[in-house]
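J.: pasted the sequence and its predicted model underneath.
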Amino acid sequence: MKRKFLTTPYMLWMLIFTIIPLILVFYFSFFESGPDGIKFTTEYIERVFEPIYLKVIFRSFALAVISTIFCLVLGYPMAMILASRELKRRDFLIVLFVVPMWMNFLARTYAWMTLLENNGIINQILMALSLPTISILYTDKAVILGMVYNFLPFMVLPIYSVLSKIDRSIIEAAEDLGANPLRTFFKVIFPLSLPGVLSGIIMVFMPAVTTFVISRLLGGGQYMLIGNLIEQQFLTTGDWGFGSSLSLILMLILLLTMGIMSKTDKDREGGRFF
Amino acid sequence: MKSFLMRSYTFLIFFFLYAPILVLMLFSFNESKSRGHWGGFTLKWYVELFQDSQIVSALYYTVTIAIIASIVATIIGTLAAIGLTNMRGLPKVITLNLTYLPLLSPDIVMGISLMLLFIFVKLNLGFLTMLLAHITFSLPFVIFSVLPKLRQISEDTYNAALDLGATPFEAYKKVILPQISPGIVTGFLLAFTMSIDDFVVSFFTTGSGVSNLAISIYSMARRGINPKINALLTLMFICIMLLLVFVNYRMSKEDNKERRVDN
Amino acid sequence: MKKRVVRSLVIGALLVGLLGIVGCGGSGKEKLYVYNWGDYIDESVIKEFEKEYDVDVIYELFATNEEMYLKIKAGTAKYDVAIPSDYMITKMLNEDLLHKIDLNNIPNYAGIDDRFKNLSFDPNNEFSVPYMWGTVGIIYNKTMVQEPVDSWDILWDDKYAKQILMLDSQRDSIAVALKKLGYSLNSRSEKELEEAKELLIKQKPLAYVGDEVKDKMIGNEAALAVVWSGDAVYMKRENPDLEYVIPKEGSNIWYDSMVIPKTSQNKELAEKFIDFMCREDIAYKNADYIGYSTPHREVMEMLPQELVSDPAYYPAEGDLANSEVFIDLTDVLSIYDRIWTEVKSQ
């Protein structure tokens, strides 16, 4: 099974467009050009570990974890529905699922603000029904809502695509052997869908950690997240060294997290095809 | 009962996804420039939209780049995913981690470093550079959509095809590809979604008058988004919906025909 | 069927893409690259210029001064005219990124009011020609705030907790705190900045920071907000309950001016464009469309009387006694950045 050459175009691509930029990030993190030429420094990296910045990193991770969990919990049933055999016009529904994401992000987020504001549409409706109004704009909740809204398809689609081709006979076998639906789900369906879940988590969690626009708009600037901080270094402060160091550390932490996750996933890789 | 639950859940999720779109469409008819209050019904933003050549050209570039970038990314990404599943040990770990990189580097870092790279190789910033950048950040989404599908296929399927006399290429085309097609479609859709809405990377990798909608819209942020953007998005939305309904109609007609032939 | 759809889609896309790449070659006319904020010009003006001078204008947009600066500094494209703000002009000047403008080629410069000449960032009018200007002040809702508003202090009043909106920009928000303390908004003193930080932290439970101030104030979502004057005029028109003041402690006056970056390869045409933008009828069109204050004397007279007499829109020089223009603080920006991070991550 020598199909490795198929990765060649990809590896070349990544070499040019990802590795070289990455080298630049390394360079900016560890070298600074002063009046007496370029010299090595660890000053930027050390700065990342100051408590105030660690706090920002921690907060970004916490919000991203929560959003990812919400996406998974909300998205999994949706993926199951999309994959269920009874469904007619499946392709149509799947495209419908991503179409909202094609409308500009900023415009959509402003629309959320119109919905969520104190005198917003949701509260107007609640008031008309004489229900208590909500006030979540400019809180953690709004930021999480924004993230779930924006990243949900990235969780649902990979899970759906895996679920859609699970061998029906396995599920039927479990049912024949007397497993109740819950047991069938946790013992058979869910483990089989894990590769999709893992992909979904990667595609939601990573962008969620580095995003800054959602927190800025829906969080009312109450929260500084790591993406925000990095953006500020490159644009406002012009401190590329510190900005690069922040993103370098961020990448390291994320890669480690992924490493641990794929370790736990490795056991099931045995006996499979590729 | 089960199907009722399924239907209500689907409805709720879709409502969640489409509620802001409805609001956005509603406000494209707002006489007032602000979404802060309703000033009466108007169509003037639609008129202004078509007089704005900047936005029209941005729309053209947005769609073209999104389509080309997602197609190229889907092809390269699918091939890479197939190759990746054939790898073991260290090379596999390295390739996988390489694939994470574009996902986990903040947009601004990717944008600026790609910009520096393009300047370094003396590539004129414009259509081509923006396209290259879009393919780069779309690739991981394709790979992570296709990969789990490949891991689902049993080795026997491929071997059986070979035993039956298929060449490896045929085995892939006739056996593997149809099996992983939901993953490929998913990857394409996600890549398209990433491309059509990107601001930061696009901003730093474009030039020579080539702009996309995200750049036009974000650059209005300081002064407030002009409602003609709402008008534009409304039109885009309606066009996509019409296209979908049309394709859906054609396909179900085709299906019926096939079924009749089968019978 | 499916296959056919996909195949024709691929081919179509590639063809269109090829057209796009080739299309850039375009006509053989002279080209002028203009770099501006989004929605910051009457689009018809560009077409008029193209027709009158028989050239192609390549018009590009940026979202912040800093993004524009990065692209020009990197030398990515041949921008001929850009419209940055005051402090950014200083920064670009310090880094030798700007061409001198020959005012002899800009006869319409005579129309610019003397008030807007010899500004601190360009003392000899060598590098920039003013495009729009304004102030920063407080806009408040008269139905929610009964007392007279004349000082930044009101932004720290518990009564209006959760109803105050600040600008989402480190420089602007720190400037407000500095002014309230009676310091210069261009302060380089760590002690003064530390005090400003404490003040902003104290304000945090009371105020939100956001980009979308305008819609909020118009929609009666907040009582007080820090805004730019040009926006204030528009907000007052949409919601008559709003009033704008420049606090007595002084504030920030800002200018967006046209410059010719060193990336320009057609300085002559760039100067023609700047001159064109200063022409009375063109400047009027822009002022009318954008709604910000124009530095053009005759255009001011052409605008509706009630606008020009509005001190929020066109404050007299006396009203601005304590106000300052931002200067470039590149060397101490890291202190500003640290303060802002500390305030925000509290």
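T.: Great, that's in hand. Residues are numbered from 1 along each chain as shown, chains lettered A, B, ... in the order given.

J.: next, count neighbours for B:Ser34.
T.: B:Ser34: 23 surrounding residues under other C-beta atoms under 10 Å in any protein chain shown. The way it works is simple: take the backbone N, C-alpha and C, and place the C-beta from them, glycine included.

J.: quick one: it from B:Ile225, how far?
T.: 10 Å (C-beta to C-beta, to the nearest Å).

J.: try B:Pro91
T.: Taken as C-beta to C-beta, the span from B:Pro91 to B:Ile225 is 47 Å.

J.: out of these two, which sits in the busier spot?
T.: B:Ile225 (24 against 13).

J.: the more buried one in helix, strand or coil?
T.: coil (DSSP: H, G, I helix; E, B strand; the rest coil).

J.: so how far is C:Ile139 from it?
T.: In terms of C-beta to C-beta, B:Ile225 sits 19 Å off from C:Ile139.

J.: ok, now C:Thr294?
T.: Counting by C-beta to C-beta - C:Thr294 and C:Ile139 are separated by 21 Å.

J.: got it, and A:Ile23?
T.: 48 Å.

J.: the more surrounded of the two?
T.: Neighbour totals were compared for A:Ile23 and C:Ile139, and C:Ile139 leads with 27 against 12 (other C-beta under 10 Å).

J.: and that one, that's in a strand?
T.: Yes - according to three-state DSSP, the state of C:Ile139 is that of a strand.

J.: dump the residue contacts of it.
T.: C:217, C:224-225, C:227, C:232, C:235-236, C:242-244 (C-beta atoms under 8 Å, 6 or more residues apart in numbering or on different chains).

J.: try A:Ala64
T.: Counting by C-beta under 8 Å, 6+ apart, A:Ala64 has contacts A:147, A:205, A:208-209.

J.: which of the residues you listed are close to chain B?
T.: With C-beta under 8 Å from any C-beta of the partner chain as the criterion, the contacts of A:Ala64 include A:Val209 near chain B.

J.: secondary structure, pLDDT and neighbour count added to the contacts of A:Ala64, as a markdown table?
T.: Converted to a markdown table, those look like this (DSSP: H, G, I helix; E, B strand; the rest coil; pLDDT from 0 to 100; neighbours: other C-beta atoms under 10 Å in any protein chain shown):
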| residue | secondary structure | pLDDT | neighbour count |
| --- | --- | --- | --- |
| A:Met147 | helix | 92 | 24 |
| A:Phe205 | helix | 92 | 26 |
| A:Ala208 | helix | 90 | 26 |
| A:Val209 | helix | 90 | 25 |
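
J.: wait, which of the contacts of A:Ala64 is closest to chain C?
T.: A:Val209 (15.7 Å; C-beta to the nearest C-beta).

J.: so which residues of chain A form helices?
T.: A:8-14, A:20-30, A:43-48, A:51-83, A:90-98, A:105-116, A:121-128, A:140-163, A:168-176, A:181-184, A:190-210, A:213-218, A:226-232, A:240-266 (DSSP state H).

J.: save those as a markdown table, and put in distance to C:Phe116 too.
T.: Below are the helices of chain A laid out as a markdown table (distance: least, C-beta to C-beta, whole Å):
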| stretch | distance to C:Phe116 |
| --- | --- |
| helix A:8-14 | 51 |
| helix A:20-30 | 40 |
| helix A:43-48 | 42 |
| helix A:51-83 | 41 |
| helix A:90-98 | 50 |
| helix A:105-116 | 33 |
| helix A:121-128 | 44 |
| helix A:140-163 | 42 |
| helix A:168-176 | 76 |
| helix A:181-184 | 74 |
| helix A:190-210 | 42 |
| helix A:213-218 | 33 |
| helix A:226-232 | 31 |
| helix A:240-266 | 35 |
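
J.: where among the ones you listed is the average confidence lowest?
T.: Confidence, taken as mean pLDDT, is least for helix A:168-176 of the helices of chain A (a mean of 78).

J.: which other helices and strands does that helix contact?
T.: Taking 3 or more C-beta pairs under 8 Å, 6 or more residues apart in numbering or on different chains; DSSP states H and E as contact, the helices and strands that helix A:168-176 lies on are helix A:181-184.

J.: neighbours of the closest residue to C:Thr294 other than its chain neighbours, how many?
T.: Spatial nearest neighbour of C:Thr294, excluding adjacent residues (C-beta to C-beta, 6 or more residues apart in numbering or on different chains): C:Ala287 at 3.9 Å. By the criterion of other C-beta under 10 Å, C:Ala287 has 23 neighbours.
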